[in-house]
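In: any chance you can model this:
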Amino acid sequence: MVAPLSWARAGAAMVRVVAATARVRVFLNMDVPLFDVARRVALLASLLAARQRSRGRVGRPAGGDCCTLLAAMSPGFARQFHEALRLLNGSGAGKTGIQSESARQEARMLHLCRVIAILGLVLMVQPARAQFEVLDTAQDAVGSDAAGPGMADANAPAPVCGTRPLSIARMSWPSAALLAEIHARILAAEFECEVRVVQGDQAATASSMSSIGQPQVAPELWINRIADLWNGAMEGQMVRSAAPSFTSSQFEGWYMPATLAGNLGATPTAAGLAEALPQLQPDGPVRFISCPLDWACSIINRNLVTAHGLSGMVEIVEPANRLDMDRLIAEALNRREPFLFYYWQPNAILAQLDFTAIDMGAYDEAAAQCLAERDCADPQPSAFPSDTVVIALVERVFTETPEIARYFQRASLPLEEMNDLLAQLNASGVTIEAIAERFVAERAALWRDWVDAPL
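Out: Numbering: from 1, shown residues only. You can find the predicted model right below:
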């Protein structure tokens, strides 16, 4: 019979073995597969069932019940089980009666089964605990890695372009479309912005910018033509002008062929034409190609001819439409005849053909108002009124992406440059996008100041 101390020692020894095994498994990151856990549970159940069938036998359960399953388990676990049985039966049977000895062995076996059940649970729990510990450690590491960049991002400066795509309005006329595509490419390349170019027109774009803040950029907005919409948006502090779209605000004027201007020996002026024209065309009046009769500029041109004393020196020609106007100019140039004409910028024809601008003098507000009237009683000289053409931004661009706002504050394009781009666009087979890409590739000397130069 095994003394109580021997049972304690045996149990303690088995617990130490199990604990050591569990520690090794944890250290080596070993785990117990799910099917192995199930087999251990089945083993414990079989042990209890086998013991019930082996009443009256000494020590070992009926063969073929739990021992078959035991043999399928790991050798170490089997050795621990047999060692426990050896300790249980090591002292032999007592001299008492069969009934008493059988009861004692029953108690021992039940105690042993309880120990085995506890050990089995320990064996199952320890690898699972190791798995949880390893998983928790891994999750903590992943969490630390995730938290690290997150914290770094929180402390990092905000993206230059913000967190939303930057929308740019592309108007229907060529110069505005070119500006939209040019700015989109520069912003994407230099600031890594996500840019969306959206179709628009002046009134609808201005209204949308002032109401919902989209699009965020309108690169060429002619303010005088949508004055009410613009003024309302400005009063509501929804939009703001970043800069003029072009470096000059003087878009209308008179021109003459460069060869004719060269004969004058100086920059031609409107005030000096009355003296110069008789020398250039002694045989009769010089043709002045104005704009179509239903355009407001036709009234201004007629009054300006009178204001500069040219009524008897020029023949005013008013074409039927824009195409007729361009045709008349090209034909006069091909004939190499002296002529004057009215035109505006930006426009391809001023880059394609060699013309010289005539200095119209200073702008006079009162004179300009009279010049615009069909029945102006006393026309006086004045330059054409300047036009306000701006790069319009919604207020959010200034407050949320100030570096982008600074870019647009520097992004005024020379009119001569736009005239040249429009001339390139007249070539066969080219597109707005292709011209914009060519500009970005070849004209960095110009646009680099938009990106880098201080205000």
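
In: what lies in contact with stretch 342-357?
Out: 175, 246, 248, 251-261, 267-268, 288-291, 297, 301, 326, 329-330, 333, 415-416, 418-420, 422-423, 425-426 (C-beta atoms under 8 Å, 6 or more residues apart in numbering). The C-beta positions use only the backbone N, C-alpha and C, and glycine is treated the same way.

In: let's see that stretch as PDB, backbone CA atoms only.
Out: The C-alpha trace of stretch 342-357 is given here as PDB (Å, rounded to 0.1, in the frame of the first residue of the first chain):
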ATOM      1  CA  TYR A 342      -9.100  95.200 -83.800                       C
ATOM      2  CA  TYR A 343      -8.500  92.000 -81.900                       C
ATOM      3  CA  TRP A 344      -8.300  90.600 -78.400                       C
ATOM      4  CA  GLN A 345      -6.200  88.200 -76.400                       C
ATOM      5  CA  PRO A 346      -5.500  85.400 -75.700                       C
ATOM      6  CA  ASN A 347      -5.800  84.300 -79.300                       C
ATOM      7  CA  ALA A 348      -3.800  82.100 -81.600                       C
ATOM      8  CA  ILE A 349      -3.800  84.500 -84.600                       C
ATOM      9  CA  LEU A 350      -1.600  87.000 -82.700                       C
ATOM     10  CA  ALA A 351       1.100  84.300 -82.300                       C
ATOM     11  CA  GLN A 352       0.700  82.800 -85.700                       C
ATOM     12  CA  LEU A 353       1.100  86.000 -87.600                       C
ATOM     13  CA  ASP A 354       3.500  88.900 -87.100                       C
ATOM     14  CA  PHE A 355       1.600  91.800 -85.700                       C
ATOM     15  CA  THR A 356       2.400  94.800 -83.500                       C
ATOM     16  CA  ALA A 357       0.100  96.200 -80.800                       C
END
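
In: from the contacts of stretch 342-357, which land in strands?
Out: Of the contacts of stretch 342-357, the ones assigned to strands by DSSP state E are 252-257, 288-289.

In: can you select the buried ones from the contacts of stretch 342-357 in PyMOL?
Out: Remark: buried members of the contacts of stretch 342-357, expressed as a PyMOL selection using 16 or more other C-beta atoms under 10 Å:
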select buried, resi 175+246+251+252+253+254+255+256+257+260+261+268+288+289+290+291+297+301+326+329+333+415+418+419+420+422+423+425
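
In: what helices or strands is the helix or strand that contains residue 187 leaning on?
Out: In this assignment (DSSP states H and E), residue 187 forms part of helix 174-191. Counting contacts by 3 or more C-beta pairs under 8 Å, 6 or more residues apart in numbering; DSSP states H and E, helix 174-191 packs against strand 166-170, strand 195-199, strand 217-222, helix 402-409, helix 415-425, helix 432-442, helix 444-452.

In: okay, the ones you listed, which one's buried deepest?
Out: strand 217-222 (a mean of 26; mean count of other C-beta atoms under 10 Å).

In: quick one: name whatever helix or strand follows that one.
Out: That would be, after strand 217-222 and using DSSP H and E, helix 227-235.

In: between strand 217-222 and the very next helix or strand once past that following helix, find me the angle.
Out: Later in the chain than helix 227-235, the nearest helix or strand by DSSP H and E is strand 239-244. Angle of strand 239-244 versus strand 217-222, following axes from the mean of the first three to the mean of the last three C-alpha atoms, to 10 degrees, is 80 degrees.

In: what's in contact with stretch 160-172?
Out: 176-177, 180-181, 183-184, 187, 191-202, 205, 214-220, 397, 400-401, 403-404.

In: how about the nearest residue to residue 252 once chain neighbours are set aside, what does it touch?
Out: Nearest non-adjacent residue to residue 252, counting by C-beta to C-beta, 6 or more residues apart in numbering: residue 384, 4.0 Å away. Listed by C-beta under 8 Å, 6+ apart, the contact set of residue 384 reads 250-253, 300, 360, 363, 368.

In: distance to residue 234 and pLDDT for the ones in strands among the contacts of stretch 342-357 - can I get that in a markdown table?
Out: Formatted as a markdown table, the ones in strands among the contacts of stretch 342-357 follow (distance: C-beta to C-beta, whole Å; pLDDT from 0 to 100):
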| residue | distance to residue 234 | pLDDT |
| --- | --- | --- |
| 252 | 25 | 97 |
| 253 | 29 | 98 |
| 254 | 33 | 98 |
| 255 | 35 | 97 |
| 256 | 39 | 96 |
| 257 | 42 | 94 |
| 288 | 39 | 98 |
| 289 | 38 | 98 |
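
In: now for those, which pair is the farthest apart?
Out: 252 and 257 (18.6 Å; C-beta to C-beta).

In: now the contacts of residue 384 as a markdown table including distance to residue 168?
Out: Listed next are the contacts of residue 384 as a markdown table, based on distance: C-beta to C-beta, whole Å:
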| residue | distance to residue 168 |
| --- | --- |
| 250 | 26 |
| 251 | 22 |
| 252 | 27 |
| 253 | 30 |
| 300 | 34 |
| 360 | 34 |
| 363 | 32 |
| 368 | 34 |
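
In: between the residues you listed, which is nearest residue 411?
Out: The closest of the contacts of residue 384, once distances to residue 411 are taken by C-beta to C-beta, is residue 251, at 18.1 Å.

In: shouldn't that closest one be in contact with residue 385?
Out: No: here residue 251 does not reach residue 385: they are 9.5 Å apart, not a contact under C-beta atoms under 8 Å.

In: now stretch 438-450 - C-alpha only, CSV.
Out: Only the C-alpha atoms of stretch 438-450 are listed here, as CSV (Å, rounded to 0.1, in the frame of the first residue of the first chain):
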residue,chain,number,x,y,z
ARG,A,438,4.3,69.7,-73.8
PHE,A,439,4.1,72.9,-71.9
VAL,A,440,4.9,71.1,-68.6
ALA,A,441,7.8,69.3,-70.2
GLU,A,442,9.3,72.2,-72.1
ARG,A,443,8.5,75.3,-70.2
ALA,A,444,9.7,74.5,-66.7
ALA,A,445,11.7,77.7,-66.7
LEU,A,446,8.4,79.5,-66.6
TRP,A,447,6.2,77.5,-64.3
ARG,A,448,9.0,76.5,-61.9
ASP,A,449,8.5,79.9,-60.3
TRP,A,450,4.9,79.1,-59.6
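
In: could you list the residues in contact with it?
Out: 178, 182, 185-186, 189, 407, 410-411, 413-414, 417, 421, 424.

In: ok, now with 6 Å
Out: 182, 185-186, 407, 410-411 (C-beta atoms under 6 Å, 6 or more residues apart in numbering).

In: and which of those residues is nearest residue 430?
Out: residue 182 (14.5 Å).

In: which ones are touching that closest one?
Out: Contacts of residue 182 by C-beta under 6 Å, 6+ apart are 436, 439.
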